[in-house]
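A.B. asks: Just need the structure, nothing else, for what follows:
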Amino acid sequence: MKKIIFAITLIASIFALSSCGKDTIAERATKKDLKIGTAFASDVYDPEGQERIKEFSNIIVAENIMKWANLRPNAKFWNWSDIDNALKFAEENKIDVKWHTLFWHQQNSNFLYNMKTKEDAEKMMDEHITTVMQRYKGRIKVYDVVNEMFEENGSFRENIWYKLMGEEYLAHALTVARAQDPDAKLYLNEYNNECVGHPKAEAMYKFVKKLKEEGVPIDGVGMQLHLATDLPFEPDKIRANIRRYAELGIDISFSEIDVRMPSNKFNDPAEIEMQKYIYTTLLDIALTEPNVKSYIVWGMYDRTNWVPATFPNYGNACIYDVNYNKKEVYEEIFKKLK
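C.D. replies: Below is the predicted model:
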C-alpha cells in the first residue's frame, strides 16, 4: 500500500512540475514576487538569445533603442519598429518591459540643441512624454523618467533640460508622465547612489524626499549598481538607504547590475568568489527588503557587454561568459531563489 501511495505521489509531483513549466530563474523569481531580468540589445531578436532571456527574465529593459538618438533621430521621424518588435516578444512570453529612458544627458538627438528657452524645453518635453506614453499606455508599466541627474559631488548635472528649466525639469517630467498614464510606475535612475553617506546618494534621497513633500508624483528610485570586485562593497549601507526610502513610500529597483573584474584576475578564484558574493548578496537584499521590486542585470553576456570599452582593463562582469555559457554566479542566483 505504501508503494502505491508513493507511486501516486511521485506521478502527481511530476505532473505538477510539467504543468507549471520549466524550473527557471524567471519562474522562481515570479513565485517570490520579484521582477528579475536583463537589459537587451540584439539578443531579443535572436532565437537563441530569446531562449536565454525567457529562462532568466520576467522583466526586460532596452539598452539603447528607447533613447532619443535611436527613437527620434530627427524632429519628424519616430523609429517605433524596434520597440514594437521587442514588446511583441515580451508580451507573447508574459515578460514586462521597463522604459529606459525618457530623458538622459547622453544619446540625445542633435535637433534638441536648437532649443533656446524654457518654453521650448517644456514644449519638447511634453511632446515626448505624451507621444511615448500614450502609444504604450497599459503595455509599459514602469518608466525611468530621468536617468543620471546628479554629479558625483551631489550637485545637479547640467544637462540640456537643466540649463533651460533648472531643477524644475524633473518635477515637470514626473507630473506630465503621471497625467499621461496614472497607472505607470515612475522612477528616477542613477549610479553610485546606493550607499548611505555617498554625496550622490544623499543628494538623491533629499531630492526625492522633497518631491514627496511637495506632492510631486514619484514611485521609485533606480540604483544601477555597476560594481567591481576590487572596490568596496557595503551591503549594510545599501540596506540602510533602502529602508529610509521605504519610510517615504518609495520603491527601489536594482536597475543595471554588473560586477566587473580586473582583466588580469579573470581566473583568480578569490575574484570569482567575490563576484558571486556581490551578486547573491544583492539578491538576498532584494528578497528581504519589501520595497525592492526588481533585480535587473545590465546584459547577460560578457561578449557583448559595455564594461571593457568603458572601464579599460576590466571585464568579465556578467552571468554568462564570452562563449555564452552560464557561469557559477548564474547557478548561485538560481539556488538563492529556491
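A.B. asks: Quick check, pLDDT for the closest residue to N159 other than its chain neighbours.
C.D. replies: Leaving aside its sequence neighbours, N159 sits nearest to H105 (C-beta to C-beta, 6 or more residues apart in numbering; 3.8 Å). Heads up, the C-betas are built off the backbone N, CA and C, glycines and all. For H105, the pLDDT comes out at 98.
A.B. asks: which residues sit in contact with H105?
C.D. replies: 148, 157, 159-160 (C-beta atoms under 8 Å, 6 or more residues apart in numbering).
A.B. asks: redo that, cut-off 10 Å
C.D. replies: H105 makes contact with 146-149, 157-162, according to C-beta atoms under 10 Å, 6 or more residues apart in numbering.
A.B. asks: three-state assignment of it?
C.D. replies: Secondary structure state of H105, per DSSP: H, G, I helix; E, B strand; the rest coil, is coil.
A.B. asks: if I look at it, how far off is K163?
C.D. replies: As judged by C-beta to C-beta, to the nearest Å, H105 and K163 stand 10 Å apart.
A.B. asks: where do the helices sit along the protein?
C.D. replies: Ranges of helices within the chain are 2-20, 25-31, 47-56, 68-71, 81-92, 118-135, 160-165, 168-180, 199-213, 235-248, 269-288, 307-310, 328-336, based on DSSP state H.
A.B. asks: and the gap between R244 and N147?
C.D. replies: Distance from R244 to N147, by C-beta to C-beta: 22 Å.
A.B. asks: Which of the two has more residues huddled nearby?
C.D. replies: Just comparing R244 and N147: by other C-beta atoms under 10 Å the higher neighbour count belongs to N147, 24 against 14.
A.B. asks: Bridged to that one, which residues?
C.D. replies: N189 (DSSP bridges).
A.B. asks: Quick check, it in contact with A173.
C.D. replies: No: in this structure, N147 is not within contact of A173 by C-beta atoms under 10 Å, at 11.1 Å.
A.B. asks: if I look at these two, which residues touch both of them?
C.D. replies: 102-103, 188.
A.B. asks: Name the nearest of the residues you listed relative to K336.
C.D. replies: Nearest to K336 among the shared contacts of N147 and A173 is L188, at 27.9 Å by C-beta to C-beta.
A.B. asks: count of neighbours near the closest one?
C.D. replies: Count around L188 with other C-beta under 10 Å applied: 26.
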